[in-house]
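In: Quick one, fold the following:
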Amino acid sequence: MVGLKPSEVPPTTAVKFLGAGTAACFADLLTFPLDTAKVRLQIQGENQATQAAQRPQYRGVLGTILTMVRTEGPRSPYNGLVAGLQRQMSFASIRIGLYDSVKQFYTPKGADRTLPNITRNAIVNCAEMVTYDIIKEKLLDYHLLTDNFPCHFISAFGAGFCATLVASPVDVVKTRYMNSPPGQYRSPLDCMLKMVAHEGPTAFYKGFTPSFLRLGTWNVVMFVTYEQLKRAFMKVQMLRNLHSE
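Out: Numbering: from 1, shown residues only. Coordinates of the predicted model:
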């Protein structure tokens, strides 16, 4: 067995909030350069005729990061990190920390797990949480793994892949649209149509490798850390309660 044992007492809401925010920040610290490389690769290809001489050409994840370090300095892959950590500490703590509570609220006690879960339809913006929950649930239901590190790792890896596959087209369009000069695109739909016309449908998966490396690694680090932090915090809380009695 790897890691701490599951707590006998369910983690409190405060523990989930703190654990989720901390785990998300830790995951961001490790994967932020991958996210920066992903954005650079996604916007590459626009206005190549006029900007080829001005903008460095990026090739692959490592090549992109090395080019940024060489042309913009060693701190460039971490540009915007502070804002990212602030976002994770506030957003992830709610999105991830409240997931179990919301699921329990909408799922009647004693309901068959095979029935559709209304939570999975309601929390459409939490693709990673839903996929992680489904994979982990099935691994435990079929007794393939116990509730420990290997189960958390596989569930998180699957969640990262599924999230990347579904979100990549929207992510590419959003990145292109937000980084385009004024007037280049009339709307996100116009951006999408021009991408297809000029670069083909594969443009929607531009930067897929760094996107998957980023999301896959982020999910693995975040979920594994989150599961361990919940258990560690509950162990500390239980020890404090014993000493206070």
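In: any idea how far the residue nearest to residue 43 when sequence neighbours are not counted is from residue 76?
Out: Distances taken as Cβ to Cβ, 6 or more residues apart in numbering place residue 179 nearest to residue 43, at 4.9 Å, with adjacent residues excluded. Where you see a C-beta, it was placed from the backbone N, CA and C, and this is true even at glycine. In this view, residue 179 and residue 76 are 16 Å apart by Cβ to Cβ, to the nearest Å.
In: now residue 233
Out: 35 Å.
In: Tell me which residue is most central in the chain.
Out: Central residue of the chain (Cα atoms, centre = their mean): residue 215, 4.7 Å from the mean position.
In: so which strand or helix has that one?
Out: With secondary structure defined by DSSP states H and E, residue 215 is part of helix 208-244.
In: now for the host helix or strand of residue 152, which elements pack on it?
Out: Following DSSP H and E, one finds residue 152 within helix 149-179. Counting contacts by 3 or more Cβ pairs under 8 Å, 6 or more residues apart in numbering; DSSP states H and E, helix 149-179 is packed against helix 13-43, helix 127-141, helix 188-199, helix 208-244.
In: mind putting these in a markdown table, mean pLDDT and distance to residue 165 included?
Out: Converted to a markdown table, the helices and strands packed on helix 149-179 look like this (pLDDT from 0 to 100; distance: least, Cβ to Cβ, whole Å):
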| stretch | mean pLDDT | distance to residue 165 |
| --- | --- | --- |
| helix 13-43 | 91 | 14 |
| helix 127-141 | 90 | 10 |
| helix 188-199 | 91 | 18 |
| helix 208-244 | 90 | 8 |
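In: Of all those, which one is nearest residue 156?
Out: Across those, residue 156 has its closest neighbour in helix 208-244 (3.9 Å, Cβ to Cβ).
In: Only the buried residues of that closest one, if you could.
Out: Using 16 or more other Cβ atoms under 10 Å as the test for burial, helix 208-244 gives 208-231, 233-234, 237.
In: just checking, the residue nearest to residue 43 touches residue 40?
Out: No: with contact defined as Cβ atoms under 8 Å, residue 179 does not reach residue 40; the gap is 9.8 Å.
In: between these two, who's got more neighbours?
Out: Higher neighbour count among residue 179 and residue 40: residue 40, with 23 against 13, using other Cβ atoms under 10 Å.
In: Tell me who's in contact with residue 64.
Out: Applying Cβ atoms under 8 Å, 6 or more residues apart in numbering to residue 64 gives the contacts 37, 40-41, 58, 210.
In: again, only using 7 Å
Out: Neighbour list for residue 64: 37, 40-41, 58 [criterion: Cβ atoms under 7 Å, 6 or more residues apart in numbering].
In: who wins for neighbours among those residues?
Out: For those, the largest number of neighbours (other Cβ under 10 Å) sits with residue 37, at 27 neighbours.
In: Quick check, it in contact with residue 67.
Out: No: the pair residue 37 / residue 67 is not scored as a contact, 9.3 Å apart, by Cβ atoms under 7 Å.
In: What's the separation between the residue nearest to residue 96 when sequence neighbours are not counted and residue 57?
Out: Once flanking residues are discounted, residue 96 sits nearest to residue 20: 3.8 Å by Cβ to Cβ, 6+ apart. Using Cβ to Cβ, residue 20 is found at 39 Å from residue 57.
In: Compare neighbour counts for the two and give me the winner.
Out: The residue with more neighbours, out of residue 20 and residue 57, is residue 20; 27 against 11, by other Cβ under 10 Å.
In: hmm, back to that, okay, buried residues for the helix holding residue 152 please.
Out: 149, 151-160, 162-164, 168-169, 171-173, 175-177.
In: Same check on stretch 131-148?
Out: Residues of stretch 131-148 classed as buried: 131-136, 139, 145, 148 (neighbour count, 16+ other Cβ under 10 Å).
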